[in-house]
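Asker: pasting the structure only:
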Ligand SMILES: [Zn+2]
Ligand SMILES: [Zn+2]
Ligand SMILES: [Zn+2]
């Protein structure tokens, strides 16, 4: 459990860890978080560690202020979580589409690349949406998460854990999930996969101002500094 101030401070700290300090993007992150975090306290991903679901290390990590979700749990508490935990909490086993056009586009794109729907995924999705009880539904959703993460956890072992899970945070299906409304994106970052917005471009280099690229850049800088040192020796 974290307070909104802790979440804001931690997010900015993570951002600035690789930039070396506040930059032009810091106030944008802060303003978005202030706008989105209206509760005093939130459960966070670590409060759902009992489920053994791996957190998102792509978009939600690089643009947490836009990508993290505010989930309203069955007991009305709020959770501030990444997409992987959000999917589980709201029992989502299929990517939602904002509009039918997007779904059509995705279908065409899949066909063009010869990508077939994953039969295991389809089967688990079907089982999850037709499940009769909270326990059953949770079981299929966890199997879905495991499958997506390439994780092997025996059915028997998982089934034995369900009664316990039902009484822990996230054990009952969440009521709602509040996502952000980010600005219009102008493509995807090849390094981190997150959406690129005018606001999150590095004003000097024109690159996506994400942790991946900042870390790469810091590494290059280190290496070239080292080279300069050895060359002048
Ligand atoms: Zn997470
Ligand atoms: Zn994510
Ligand atoms: Zn990026």
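Answerer: Received it, and whenever you're ready, just let me know what you need. All values reported here derive from a predicted model rather than from experimental measurement. Ligands and ions are numbered 1, 2, ... in the order given.

Asker: longest helix of this protein, counting residues only.
Answerer: Secondary structure of the chain read by DSSP state H shows that its longest helix is helix 211-232.

Asker: in that helix, what counts as buried?
Answerer: Across helix 211-232, burial judged by 16 or more other CB atoms under 10 Å covers 211, 212, 213, 214. For glycine as for every other residue, the C-beta is placed from the backbone atoms N, C-alpha and C.

Asker: what is the neighbour count of residue 32?
Answerer: When neighbours are counted by other CB atoms under 10 Å, residue 32 registers 20.

Asker: actually residue 12, sorry about that
Answerer: Residues within reach of residue 12, counting by other CB under 10 Å, total 18.

Asker: how about it, phi and psi?
Answerer: Torsion angles at residue 12 (phi, psi; degrees, to the nearest 10) stand at phi -70, psi -40.

Asker: try residue 109
Answerer: Backbone torsions of residue 109, given as degrees, to the nearest 10, read phi -60, psi -40.

Asker: tell me the pLDDT of it.
Answerer: Looking at residue 109, its pLDDT stands at 87.

Asker: related to what we said a few turns ago, closest to ligand 1 out of the buried residues of helix 211-232?
Answerer: Nearest to ligand 1 out of those is residue 211 (CB to the ion; 15.0 Å).

Asker: what residues does this protein put near ligand 3?
Answerer: 189, 191, 192, 208, 210 (CB under 5 Å from the ion).
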